[in-house]
Each structure stands twice: as structure tokens, then as C-alpha cells.
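Visitor: got a sequence here, can you build the structure:
(2 chains)
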Number of protein chains: 2
Amino acid sequence: MLEKTTRMNFLYDFYHSLLTPKQQSYMSLYYLDDYSLGEIADEYDVSRQAVYDNIKRTEAMLEEYEEKLLLFQKFQERSKILNKINEMLKEESLSRQSLIEAVAELEKLN
Amino acid sequence: MLEKTTRMNFLYDFYHSLLTPKQQSYMSLYYLDDYSLGEIADEYDVSRQAVYDNIKRTEAMLEEYEEKLLLFQKFQERSKILNKINEMLKEESLSRQSLIEAVAELEKLN
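Guide: You can find the predicted model right below:
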């Protein structure tokens, strides 16, 4: 189980283009630049509660997008297969059959 | 340049989960099942113009999603590399270096 911050960083990476500029600013300050809610509130001259509510709503939106599009899940699945293929390519003799099967798995995820 | 219908079918495939149930129904009847605007209008007891407007709006939304997320573009780029790898795997002797390079390209797109 990934920690929430790591997961949010990934989801933000995949779906930030679907967020409003304000949502992007708050999320990127909070999750990427590690600002506190109070610091973001000061920066934008709004209440700490307003920042908190906005970030909570945005987190829920990111999870909804992931539920619908599965970009993060598919990224993880593809990464696993790519790692496997890279391991195969380091072996002394290449197994054509294993490579063909791994590439077919990647195609199913494309 | 892909024909519009083919492109819309692909975009629908990638982004339909972000559409409303009504948008999904109209788009899928029009683009997948090849219904005419009039037939959809009859089916839903609305005007032909209403169906037309809804489909035009949905097409614009799909293009906006693609502009933001590039899922179709990345799918095409990955497909190209996967085809190249499949060709390599058919060759009599496997080139480890070419395979490593092609897999690195795939990783950049992941």
C-alpha cells in the first residue's frame, strides 16, 4: 500500500490537466512543495479552512478520475512488465518466447 | 490523417467514462451502431436538432480531453514501438541492443 502522499503525487501527475488553475496551485504547493495549509492560506489570503476544503474536494476528484480512467493503475501494470522485460534483456541468452509473451501482455494494456 | 469517425471511435473508447449516460447513449448509437440523427431522435423522443447539438458538444468535449490527457496520441506512439519490437522478435537473430533501446522508448511513454 502506497502512502497517501505518494499516491496523490502520482494522481496529480496523471490528472492535473483536468483541474482548475486554483486547484492546481493548492495541490502543487501542498503535495509537491510541502507547504502547510496555513502557509497556503496566507499566500492566497483565504482561510485555512477554505484551503483545506478545496484540497479535500480535489483529492476526491483525482480519485474519481482514477476510478474512471485507471491511468495510474495501468501505469503500474505496464511498469511491472517493462521491468520484467529489462531483466530478460540482461540475461546471458535471450529467450525469444518469454519476450514475445511479455510484449503481448504490454499490448493488452495498451 | 484518420477519418473523423475512426478518430471519434477511438476518443470515445478512451474517454467515454467521463461522459454522462445520455452522452454515452447518443455517441454510441451514432458512432458505434451507425444510427442516424433522426433515428436517435425517434428513439429518445427528442428533436433531431437536440441530438445533433448534444453530439457536437460531446465531440468537442472528447477533443478537449484528448488535448489535456493525450491518451489516444500516447496509445498510437506506444503501438508503433510495440509493432517495431514485434518485428524484431521475428528476426532470425535477436539484437539485444535494439531491443533495449525500443524498451527504453516505451518507458519514456509510460
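
Visitor: which stretches of chain A aren't confidently modelled?
Guide: Along chain A, the parts satisfying pLDDT under 70 run over A:1-2.

Visitor: tell me where it has helices.
Guide: A:4-15, A:21-27, A:37-44, A:48-69, A:71-90, A:96-109 (DSSP state H).

Visitor: now the angle from the first one to helix A:48-69?
Guide: Computed by axes from the mean of the first three to the mean of the last three CA atoms, to 10 degrees, the angle separating helix A:4-15 from helix A:48-69 equals 60 degrees.

Visitor: and helix A:4-15, what does it pack against?
Guide: helix A:48-69, helix A:71-90 (3 or more CB pairs under 8 Å, 6 or more residues apart in numbering or on different chains; DSSP states H and E). From N, CA and C alone the C-beta is placed, and that goes for glycine too.

Visitor: to chain B, which of those helices lies closest?
Guide: helix A:48-69 (3.9 Å; CB to the nearest CB).

Visitor: give me the contacts around the closest one.
Guide: A:8, A:11-12, A:14-15, A:18-19, A:22-23, A:26-27, A:30, A:37-38, A:40-41, A:44, A:71-73, B:15, B:17-18, B:69, B:71 (CB atoms under 8 Å, 6 or more residues apart in numbering or on different chains).

Visitor: okay, now the domains of chain A?
Guide: Split into domains by automatic domain parsing, chain A comes to A:2-69, A:73-108.

Visitor: now do the buried residues in the shortest one.
Guide: Within domain A:73-108, the residues that qualify as buried are A:78, A:81-82, A:84-85, A:88, A:94, A:99, A:102-103, A:106, counting by 16 or more other CB atoms under 10 Å in any protein chain shown.
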